[in-house]
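Participant: Sharing a model that was predicted from the sequence below.
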Amino acid sequence: MQQALQKFGKFLSGMVMPNIGAFIAWGLITALFIPDGWFPNADLATLVDPILIYLLPVLIGYQGGKMLAGDRGAITGAIATMGVVGGADQAMLMGAMVIGPFAGLVLKTFDKAVEGKIKAGFEMLVNNFSVGIIGMFLAIFGYYAIGPVMTTILGFLSVGVAWLVENSLLPLVSVFVEPAKVLFLNNALNHGIFTPLGIEQAQEAGKSIMYLIESNPGPGFGVLLAYMLFAKDKATKDSAPGAAIIHFFGGIHEIYFPYILMNPTMIIAPILGSAAAVFYYAMVGAGLVGPSSPGSIIAYLAVAPKGDTLLILIGVAIATAVSFAVSVPILKMSSEQSLEEAQAKMSDMKSQSKGMAAPQDIKLPATVNKIVFSCDAGMGSSAMGATKFRNRIKDLNTGITVINTSVDSVPPDADIVVCQEVLKDRVKVVNGRPLVITIGNFLADENLNKLYTEIANSKGGATPAPSPAPSAPAPSAAPGQEVMVAQGIRIGLPVMDKESAIREAGKLLHDLGCVDAGYIDAMVERERKVSTYMGLGVAIPHGTGEAKKHVKKTGIVFLQCPEGIEFVDGEKAKLIFGIAGIGDEHLDLLAKIAEVVEDDDQIEQLLNAKTPEEVLKLFA
């Protein structure tokens, strides 16, 4: 449930965060030039409404469409958003957050439906006209349906907020906000909920209390001050002053989360501190003219309306004082965790919020003879991971065999199985014997580093006597068949969404005669199950285990995307290798790819390559 909320929250904030500079610009222009601003200017004040009514919604709709369907989705989202804007009599930020992704989804569905059915030479015509026609119909739909509906919803929400304020109940929001922040839902709350609501209020009243709820630095600052003065653990006490400075002046709220996690009852302090400040702000009618991002005291004051600066500072001081006063007795009465333990716990939570494996304590079995890297199909990810790890431990002379298999084919004599987090239960079902180490990716993962360290530090790791028999060489590709060819290499691809990139790689494999059309959908399905992002900016999309029936011959294609394509949260792949393999014919090239991506200079050469021939030369 938490991961689902985090994923949805990140999706909402993902539409706002890239455009936060535009929101700040609007807030500054409003604070400076409106009649009640710091430097009233009637001419410049005319910028306020056009930015709010047109620019901000269109930017959000553009970003929402782009998140689902790349650049063409972005344009479709922007067109559709204009229909929503035209069909409402107020700023349609929340409407844009609905119609933008919907437009991207519609275009994506259309592209999938016509894939492989467009005659050669007509691709650009279909691409451009589909954006225009779909955008037009969605703009009409937005004008008559989304705009009026969102106006009604915003009316109810505004009445609800007004009711909370009039009845002095708005502080109760803090009971949900502060725990949600510690669960890394802060950006989702601030930019997905409070910012759109705040825009509506600021348009009517020139400021909004919504901007003061989540981003107030006072509650966290009070907690850090308490630790700074009264913490029992010396390391924790010594770290608190630096954290307090970074939090208060830098606006990095995440820095105080470990101090809450090391003593969960401390969450009461920021809840009460935030509630006290919100109560005060509601009582005096304070607000900001725009979002404070980051939530630092400097950003707070930058978007404070003229005449409210002192009120804002008093609210921050109240939040700090209440939070500090509540923190001190809790701190004195409790037995603390160490800061290191709390940071480890926070790292676990952050990893889980991204769908990655949490750091794992690794204790080797008494004897380790075989390590198996396992993925869904046993075709690409695990093969490259096994190759890299095999080369890494080669100089240790442990006698350990490192192989790769599909998750359903783990051999019974495996001592350690390395797989991605979402596959661990399948490994245990198939074979309950081995130590299972979960990872986020196969090339650069902390748990792999820990495994290597344990092996390096172990006394005799494997049974040295029976050194593994040399494995039979992987069968080469059929005579005259090259696994990677110039026609399967694309240089300088523009930014697009992950699925489009995977389909592009699948289409190349199909055009080269390596697979039939069913393999492309299997590649997309494989990515939905488990990401093929390997780390180090590399992804190797391939089909599921069941999709091997669609493979006609072994082939690897290469896509170079200099600006990167987001494969997992915050991780972009710039080098994408699409794989279709029969047996082990592709393993030699995968081993070479693993070597290349370990070398920063060779990665740079791949990123800067201008021709397919330059790429092939690196893998020769």
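Facilitator: Sure, I can see it. Numbering: from 1, shown residues only.

Participant: Residue 563 belongs to a strand?
Facilitator: Yes. Under DSSP: H, G, I helix; E, B strand; the rest coil, residue 563 falls within a strand.

Participant: what's near enough to touch the residue nearest to it when sequence neighbours are not counted?
Facilitator: Distances taken as CB to CB, 6 or more residues apart in numbering put residue 495 closest to residue 563, at 5.0 Å, once the chain neighbours are dropped. Just so you know, the C-beta spots here come from the backbone N, C-alpha and C atoms, and that holds for glycine as well. Counting by CB atoms under 8 Å, 6 or more residues apart in numbering, residue 495 touches 70, 71, 561, 563, 564, 565.

Participant: which helices and strands sit right next to the helix or strand containing the first one?
Facilitator: In other words, residue 70. Under the criterion of DSSP states H and E, residue 70 resides in helix 56-86. Counting contacts by 3 or more CB pairs under 8 Å, 6 or more residues apart in numbering; DSSP states H and E, helix 56-86 is packed against helix 2-16, helix 20-33, helix 93-114, helix 123-141, helix 147-166.

Participant: among these, which is nearest residue 416?
Facilitator: Nearest to residue 416 among the helices and strands packed on helix 56-86 is helix 2-16; the distance by CB to CB comes to 26.8 Å.

Participant: that older thread, SS state for the residue nearest to residue 563?
Facilitator: Secondary structure for residue 495, judged by three-state DSSP, is coil.

Participant: Got phi/psi on it?
Facilitator: phi -60, psi 130 (degrees, to the nearest 10).

Participant: Can you list the neighbours in contact with stretch 118-135?
Facilitator: Outside stretch 118-135, the residues touching it (CB under 8 Å, 6+ apart) are 72, 75, 76, 78, 79, 80, 103, 106, 107, 110, 111, 114.

Participant: Tell me where the model's unsure across the stretch 351-500 of the chain.
Facilitator: 351-360, 377-380, 428-433, 441-444, 459-481 (pLDDT under 70).

Participant: Ignoring the adjacent residues along the chain, who's closest to residue 485?
Facilitator: Using CB to CB, 6+ apart, the closest residue to residue 485 is residue 512 (7.0 Å).

Participant: tell me the contacts of the one you found?
Facilitator: Shown in contact with residue 512 (CB under 8 Å, 6+ apart): 485, 487, 488, 555, 557.

Participant: What is the most widely separated pair among those residues?
Facilitator: Pairwise distances across the contacts of residue 512 (CB to CB) peak at 10.2 Å, for the pair 487 and 555.

Participant: Between these two, point out the one with more neighbours.
Facilitator: More crowded of residue 487 and residue 555, by other CB atoms under 10 Å: residue 555, with 28 against 11.

Participant: and the nearest residue to that one once chain neighbours are set aside, how far is that from residue 487?
Facilitator: In this structure, residue 555 finds its nearest non-sequential neighbour in residue 514, 3.4 Å apart by CB to CB, 6+ apart. Using CB to CB, to the nearest Å, residue 514 is found at 11 Å from residue 487.

Participant: tell me the domain boundaries of this structure?
Facilitator: 1-13+171-353, 47-167, 370-457, 486-618 (automatic domain parsing).

Participant: which stretch among those domains comes nearest residue 32?
Facilitator: Between those, domain 1-13+171-353 lies closest to residue 32; by CB to CB that is 8.9 Å.

Participant: any idea how far that closest one is from the chain center?
Facilitator: 22 Å (CA atoms, centre = their mean, to the nearest Å).

Participant: picking that back up, of the contacts of residue 512, just say which sits nearest to residue 203.
Facilitator: residue 557 (50.2 Å).

Participant: packing partners for the host helix or strand of the closest one?
Facilitator: Under the criterion of DSSP H and E, residue 557 resides in strand 555-568. If you count contacts as 3+ CB pairs under 8 Å, 6+ apart, strand 555-568 packs onto strand 489-490, helix 498-511, strand 571-580, helix 587-597, helix 600-608.

Participant: Adding distance to residue 331, write those out as TSV.
Facilitator: Shown next, in TSV, are the helices and strands packed on strand 555-568 (distance: least, CB to CB, whole Å):
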stretch	distance to residue 331
strand 489-490	58
helix 498-511	45
strand 571-580	37
helix 587-597	47
helix 600-608	46
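
Participant: which stretch in these has the least confidence?
Facilitator: Among those, helix 587-597 carries the lowest mean pLDDT, a mean of 71.

Participant: As PDB, could you dump the C-alpha coordinates of that one?
Facilitator: C-alpha atoms of helix 587-597 as PDB (Å, rounded to 0.1, in the frame of the first residue of the first chain):
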ATOM      1  CA  LEU A 587      26.900 -14.600 -24.200                       C
ATOM      2  CA  ASP A 588      30.300 -13.800 -25.700                       C
ATOM      3  CA  LEU A 589      29.100 -10.400 -26.800                       C
ATOM      4  CA  LEU A 590      27.400  -9.800 -23.500                       C
ATOM      5  CA  ALA A 591      30.600 -10.500 -21.700                       C
ATOM      6  CA  LYS A 592      32.300  -8.000 -24.000                       C
ATOM      7  CA  ILE A 593      29.600  -5.400 -23.200                       C
ATOM      8  CA  ALA A 594      30.100  -6.100 -19.500                       C
ATOM      9  CA  GLU A 595      33.800  -5.300 -19.900                       C
ATOM     10  CA  VAL A 596      33.100  -2.100 -21.900                       C
ATOM     11  CA  VAL A 597      30.600  -0.600 -19.500                       C
END
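
Participant: what distance separates it from the centre of its chain?
Facilitator: For helix 587-597, the distance to the chain centre is 28 Å (CA atoms, centre = their mean).

Participant: residues in contact with that helix?
Facilitator: 380, 383-384, 387-388, 391, 443, 474, 476, 483-484, 534, 536-538, 540, 556, 575, 577, 579, 581, 602-603, 606, 618-619.

Participant: and that helix with strand 555-568, angle?
Facilitator: 50 degrees (axes from the mean of the first three to the mean of the last three CA atoms, to 10 degrees).

Participant: Tell me how far stretch 14-21 lies from the chain's centre.
Facilitator: 14 Å.

Participant: what stretches of the stretch 201-350 of the chain score poorly on pLDDT?
Facilitator: In the stretch 201-350 of the chain, residues with pLDDT under 70: 235, 254, 258, 261, 293, 334-350.

Participant: ranges for the helices of it?
Facilitator: 218-230, 234-250, 257-261, 268-284, 297-302, 309-333, 339-353 (DSSP state H, counting those that start in this stretch).

Participant: What is the helix or strand following the last one packed up against?
Facilitator: Taking DSSP H and E as the definition, the helix or strand that follows helix 339-353 towards the C-terminus is strand 370-375. In terms of contact count using 3+ CB pairs under 8 Å, 6+ apart, strand 370-375 is assigned the packing partners helix 381-393, strand 401-406, strand 416-420.

Participant: Tell me the buried residues in the shortest one?
Facilitator: Of all the residues in strand 416-420, those buried under the rule 16 or more other CB atoms under 10 Å are 416, 417, 418, 419, 420.

Participant: Could I get those residues in a markdown table, plus columns for distance to residue 298?
Facilitator: Shown next, in a markdown table, are the buried residues of strand 416-420 (distance: CB to CB, whole Å):
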| residue | distance to residue 298 |
| --- | --- |
| 416 | 50 |
| 417 | 50 |
| 418 | 46 |
| 419 | 46 |
| 420 | 41 |
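
Participant: so which of these comes closest to residue 274?
Facilitator: Relative to residue 274, the closest of the buried residues of strand 416-420 is residue 420; by CB to CB it sits at 37.9 Å.
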